[in-house]
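Undergrad: I'd like to go over a predicted model; first the sequence, then the structure.
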Amino acid sequence: MAVPRQQLKDIKSLRTKKGRNAHNKFVAEGVRLLETALERSKLPQTILCAPEALSERATALVERFRHSGVQVEEVRSSELASVADT
């Protein structure tokens, strides 16, 4: 359940244009956005989630991504809050 500190730092850097350009990645947050991505077969590289904070709908969505081969990283709510932009 522990995500390396450097990975969290890299994710935080994606909040800025400079960070997104440097890593050639971006962060997408929210159930609706991830549902749309799945409907369009656009799979994320990694999903970070705090299992204790997931709704039933979000839990089912995470499992669908997991079964599609997406890396799912489970983190503490405090870690997720530290990288979230919303």
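TA: Great, that's in hand. Note that the coordinates shown come from a computational prediction; the quantities given were computed from them, not determined experimentally.

Undergrad: how about the longest helix anywhere in the chain: buried residues?
TA: In the chain, taking DSSP state H as the definition, the longest helix is helix 56-67. Buried residues in helix 56-67, counted by 16 or more other CB atoms under 10 Å: 58, 61-62, 65. C-beta: built from backbone N, CA, C; applies to glycine.

Undergrad: just read off the phi/psi values of the residue of the chain positioned farthest from its centre.
TA: Centroid-distance maximum for the chain: Lys18 at 19.4 Å, with CA atoms, centre = their mean. Main-chain dihedrals, Lys18, degrees, to the nearest 10: phi -60, psi -40.

Undergrad: make CSV out of the buried residues of helix 56-67 and add pLDDT and distance to Glu52.
TA: Formatted as CSV, those follow (pLDDT from 0 to 100; distance: CB to CB, whole Å):
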residue, pLDDT, distance to Glu52
Ala58, 96, 11
Leu61, 96, 16
Val62, 96, 13
Phe65, 95, 18
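
Undergrad: now, which of those residues sits nearest Ser41?
TA: Phe65 (11.7 Å; CB to CB).
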